[in-house]
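Undergrad: Using only what follows, build the 3D model:
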Amino acid sequence: MKKLISLMLAALCCCFFTAAASAESETPDAEAGTQPTVTEPAQPSEPIPVFAGTIRLEHENLPTNKPVTVTVVTEGGTLSQTEVIRWRVYKGTVSEADADPNVQWMDYSAPFEVEANMKVEAAVFSADGVKITAASGEITCIDTDAPTAPALQSSNTEWTKDPVTVTLSGGEDAQSGLLRLEYRLGAEGAWSEYTDAISVTSRTAVYARSVDVAGNTSEPVVLDVNNFDTTAPDVTKLSVKVSAAGTPVIAETGAFSKYYGSEVTVTVDGAADAESGVKTYQYQAVSGTESVAEDKWLTYDPEKKPVIPGDFCGYVHARAVDAVGNCSASVSSEGFVVDITPPVVENLKLSETAVTGNRVIVTFNVKDNYWLETVTVNGIYAGVYASSFTAFRNDDYLIVAVDKVGNRTEQLVQITNINTTPFTLLDTWKGMNPQDFTPASWSVAEKAANELQNLITVEAPQAQIESAAGQLLTALEGLESRGDGTLSRELIGRIREYDSELYTESSWNRVEEGIAALESCLDDPASTQESVDNSRRALEQLVAELVKRADFTNLDRLIAQCERMDVDGFSKESKLVFNEALDEAIELSRTDSGQEAADAAYQKLLEAMGALEVSDKAEFNFTPLVFVILGLLIVATASALFIVRMRAKEKLAALEESDEEADEEAVEKDNSIGDIHFTDESETDDSRQSPYIGAPDEDALTGNDSGSYIGGRKQN
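TA: Predicted coordinates:
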């Protein structure tokens with residue numbers, strides 16, 4: 001267009017100057033009296049050659065969404081200097097194009113581009129605008145319209161933990177035709193050609209678009225696949241409780257703190273799941289000597305809560321299951337005991353079954369499922385580990401055994417084979433070992449025996465002897481047996497064989513304290529069997545509470561790995577959780593915690609490390625900048641010091657050079673004494689003052705003004 005305008009302006013200028021010249025030549029010169037010029041008739045010119053060849057249009061005809069380049073090719077002839085090729089594009093018929101003022105012929109100088117589907121015509125024109133030959137064609141391959149978008153469909157819209165299949169369908173293009181469907185996973189993913197169903201295994205957005213043959217793409221459509229639930233329910237608030245009709249007995253020591261004498265009901269609730277939701281709970285009762293088994297989980301029914309009806313000692317474990325089957329970690333109840341079975345008295349034996357004038361010692365065993373609290377005979381403690389009593393007279397002896405929850409067993413023993421006299425009572429007393437009884441109770445029996453012996457010796461009245469015999473019998477029945485330390489010392493010996501390094505320091509120290517208390521009880525002459533048994537029972541409970549020392553190897557390695565991590569690039573929230581878990585793990589590793597606590601800390605730290613999220617907006621790390629600034633300051637300071645030192649050296653050198661010049665001038669001055677130097681005052685450098693300037697004028701002082709200073713030397 002610019003070239004065309006330039007040509008038109010040039011033609012206009014030529015016409016203007018031609019017209020002006022013609023006007024000037026035709027105007028008569030009145031002053032000169034010039035006569036009009038007579039023009040001779042023009043001679044006929046040579047015939048103008050006409051293009052005798054043909055032209056054709058060349059262009060691509062494949063579908064495209066870009067302009068099509070058209071080239072005009074001439075064949076079989078050569079254009080003269082006055083002939084030109086012009087082209088035009090139009091819609092409709094030729095006559096409509098000719099009549100349309102907006103359809104203009106353009107001079108052809110190089111291949112041109114057509115931006116839409118239109119008809120194209122090119123022609124060779126003579127100088128007078130006559131169309132010599134022409135060629136026409138039509139551009140129909142340009143397609144700039146996007147195809148319609150495809151449809152996305154998911155194989156599952158319900159919550160799931162299994163892969164989901166996404167399929168694409170549809171997409172149409174009425175012009176160049178549909179070429180392919182494309183998809184990508186996530187907003188930043190790369191586009192891929194869709195050839196088969198897409199398998200999606202985690203939450204993401206699936207984008208899809210259509211591509212036509214011309215290269216146009218539809219607007220992407222998106223399907224959010226967010227129905228995955230691979231997270232187990234949250235059991236932070238999951239509780240497993242047991243309850244019974246009666247109040248449980250609370251044990252002060254031991255792993256099992258509550259004892260129930262009747263069946264217990266299990267209640268499980270409190271889990272949460274923010275995705276598919278908690279569907280159900282599972283539970284299993286596990287004894288204290290067993291572990292949770294994967295194949296023993298039972299479904300919990302809140303409408304019909306499970307019941308543990310019989311004897312049991314252990315825990316109830318429970319876990320939550322969400323709608324897609326993800327199972328949480330198990331949570332345990334407190335240790336508890338259900339004891340509905342009373343103690344059993346067995347192996348009852350009498351030391352003498354025939355008639356005897358001596359005592360009869362009755363021994364027996366009492367067994368209980370869990371905790372035998374006490375055994376008495378006619379109200380007197382008979383021992384829970386080795387039970388026995390001594391009968392000094394014929395009577396009914398009631399054995400009563402009671403366990404921790406109050407289950408009670410009674411058994412009556414009738415002694416009918418004792419025939420005592422004052423003399424046999426004394427013989428019985430003499431056959432007993434004082435070391436088997438407490439000093440206080442033995443002292444009472446000894447006093448009664450001595451009194452009876454004295455009465456027999458002095459042949460006191462029979463009634464008095466019988467009365468004294470009755471007092472001795474009462475004293476013998478009141479003897480308190482000293483604690484039998486045989487079994488207790490065997491227990492202490494077995495505990496001494498334990499490897500204390502296997503247990504936490506705190507739990508082992510408590511066992512040592514229990515051993516010291518039992519040994520002190522055994523060494524005390526006044527200790528009864530009941531006090532010894534109680535001390536032994538306390539020691540047994542402390543042994544049961546020993547905590548195995550944890551293996552911190554894995555935890556220590558994980559802590560070291562976490563401490564080496566650079567967490568600056570992660571989000572503030574995830575870093576906070578990570579640092580809290582790391583601090584807890586470090587603190588725990590310095591204690592004598594058990595293996596369960598160590599494993600829990602390891603798992604928590606591992607999960608916190610895995611949950612670290614890259615920050616969307618990376619926090620700026622000022623540390624490198626600080627080091628750069630410090631480095632620049634150091635370099636700048638060093639450079640400044642270097643410059644100062646160099647300038648100082650330069651000044652010093654200048655001073656030294658000045659001193660040397662002064663010395664040289666002084667030497668020259670000394671050498672020039674007696675010489676006369678003539679100086680033109682007009683050429684004297686005023687900037688170099690003579691040492692005589694400002695000095696007293698000797699002639700003025702002396703009144704002699706006939707002399708003058710020439711060249712710095714006085715001349716007379």
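
Undergrad: and G478, what does it touch?
TA: 441, 444-445 (C-beta atoms under 8 Å, 6 or more residues apart in numbering). The way it works is simple: take the backbone N, C-alpha and C, and place the C-beta from them, glycine included.

Undergrad: Most neighbours of all those residues, which one?
TA: Highest neighbour count within the contacts of G478, by other C-beta atoms under 10 Å: A445, with 22 neighbours.

Undergrad: Make sure it is actually in contact with A475.
TA: Yes: with contact defined as C-beta atoms under 8 Å, A445 reaches A475; the gap is 4.0 Å.

Undergrad: low-scoring stretches of the stretch 451-600 of the chain, by residue?
TA: The stretch 451-600 of the chain contains residues with pLDDT under 70 at 590.

Undergrad: Do you have the helices of the chain handy? List them.
TA: Counting by DSSP state H, the chain has helices at residues 2-26, 94-99, 422-430, 439-457, 462-477, 486-496, 505-523, 529-544, 553-563, 572-589, 595-610, 622-671, 698-702.

Undergrad: Just the buried positions in the second one, please.
TA: It stands for helix 94-99. Of the residues in helix 94-99, A97 count as buried by neighbour count, 16 or more other C-beta atoms under 10 Å.

Undergrad: Please tell me how far that helix is from the chain's geometric centre.
TA: 75 Å (C-alpha atoms, centre = their mean, to the nearest Å).

Undergrad: For that helix, list the C-alpha coordinates in CSV.
TA: Extracted in CSV, the C-alpha atoms of helix 94-99 (Å, rounded to 0.1, in the frame of the first residue of the first chain):
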residue,chain,number,x,y,z
VAL,A,94,-16.8,-11.7,-10.6
SER,A,95,-19.4,-9.2,-11.6
GLU,A,96,-20.2,-8.6,-7.9
ALA,A,97,-16.5,-8.1,-7.3
ASP,A,98,-16.2,-5.7,-10.2
ALA,A,99,-19.1,-3.6,-8.8
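
Undergrad: what packs against that helix?
TA: Applying 3 or more C-beta pairs under 8 Å, 6 or more residues apart in numbering; DSSP states H and E, one finds that helix 94-99 makes contact with strand 84-90, strand 119-125.

Undergrad: Out of those strands, which is the most enclosed?
TA: Comparing the helices and strands packed on helix 94-99 by mean neighbour count (mean count of other C-beta atoms under 10 Å), strand 119-125 ranks first with a mean of 21.

Undergrad: So what are the sheet partners of that strand and their directions?
TA: strand 84-90 (antiparallel), strand 131-138 (antiparallel) (DSSP bridges).

Undergrad: Switch those strands over to a markdown table; also include distance to G485 and mean pLDDT.
TA: Putting the strands paired with strand 119-125 into a markdown table (distance: least, C-beta to C-beta, whole Å; pLDDT from 0 to 100) gives the following:
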| stretch | distance to G485 | mean pLDDT |
| --- | --- | --- |
| strand 84-90 | 121 | 95 |
| strand 131-138 | 121 | 92 |
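
Undergrad: With distance to Q453 added, can I get those strands in CSV?
TA: What follows is the strands paired with strand 119-125, written out as CSV (distance: least, C-beta to C-beta, whole Å):
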stretch, distance to Q453
strand 84-90, 151
strand 131-138, 150
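
Undergrad: Out of those, which is closest to T486?
TA: strand 131-138 (120.6 Å; C-beta to C-beta).

Undergrad: and the closest one, how far from the chain's centre?
TA: Distance, centroid of strand 131-138 to centroid of chain: 74 Å (C-alpha atoms, centre = their mean).

Undergrad: Report the contact partners of the residue nearest to T140 when sequence neighbours are not counted.
TA: Closest residue in space to T140, ignoring its immediate chain neighbours: N117 at 5.3 Å, by C-beta to C-beta, 6 or more residues apart in numbering. Shown in contact with N117 (C-beta under 8 Å, 6+ apart): 138-142.

Undergrad: rewinding a little: would you tell me which of the helices and strands packed on helix 94-99 gets closest to S589?
TA: strand 84-90 (83.3 Å).

Undergrad: So which residues lie in contact with the closest one, not counting its own?
TA: Applying C-beta under 8 Å, 6+ apart, the set of residues contacting strand 84-90 is 55, 70, 72, 74, 79, 96-97, 100, 103-108, 112, 114, 118-125.

Undergrad: Among the contacts of G478, which one sits closest to V213?
TA: Of the contacts of G478, the one sitting nearest to V213 (C-beta to C-beta) turns out to be S441, at 114.9 Å.

Undergrad: Quick check: the closest one touching L476?
TA: No: using C-beta under 8 Å, S441 is not in contact with L476, being 9.6 Å away.

Undergrad: burial measure for L518, as a count.
TA: 26.

Undergrad: if I look at the nearest residue to it once chain neighbours are set aside, how far off is T144?
TA: Closest residue to L518 apart from its sequence neighbours, by C-beta to C-beta, 6+ apart: S535 at 4.4 Å. Distance, S535 to T144, by C-beta to C-beta, to the nearest Å: 99 Å.

Undergrad: Compare these two and say which one has the larger neighbour count.
TA: S535 (22 against 15).

Undergrad: Tell me who's in contact with that one.
TA: 488, 514, 517-518, 521.

Undergrad: at 7 Å what do you get?
TA: Neighbouring residues of S535 by C-beta atoms under 7 Å, 6 or more residues apart in numbering: 517-518, 521.

Undergrad: can you check S481 too?
TA: Contacts of S481 (C-beta under 7 Å, 6+ apart): 436-437, 528-529.

Undergrad: Turn the buried ones among those into a named ChimeraX selection, would you?
TA: In ChimeraX syntax, the buried subset of the contacts of S481 is picked out as below (16+ other C-beta under 10 Å):
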select :437,528,529
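
Undergrad: from the contacts of S481, which is closest to V268?
TA: Q529 (45.0 Å).

Undergrad: I'd guessed that closest one sits against G383; true?
TA: Yes: judged on C-beta atoms under 7 Å, Q529 makes contact with G383 at a distance of 5.2 Å.

Undergrad: that older thread, quick one: the residue nearest to T140 and S243, what's the gap?
TA: If you go by C-beta to C-beta, the gap between N117 and S243 works out to 85 Å.

Undergrad: for P163, same thing?
TA: Relative to S243, and taking C-beta to C-beta, P163 is found at 44 Å.

Undergrad: what does D368 give?
TA: Applying C-beta to C-beta to D368 and S243 gives a distance of 24 Å.

Undergrad: try K258
TA: 10 Å.

Undergrad: Same drill for the two, tell me which one is more crowded.
TA: K258 (19 against 12).

Undergrad: Contacts only, for T390.
TA: 359, 361.
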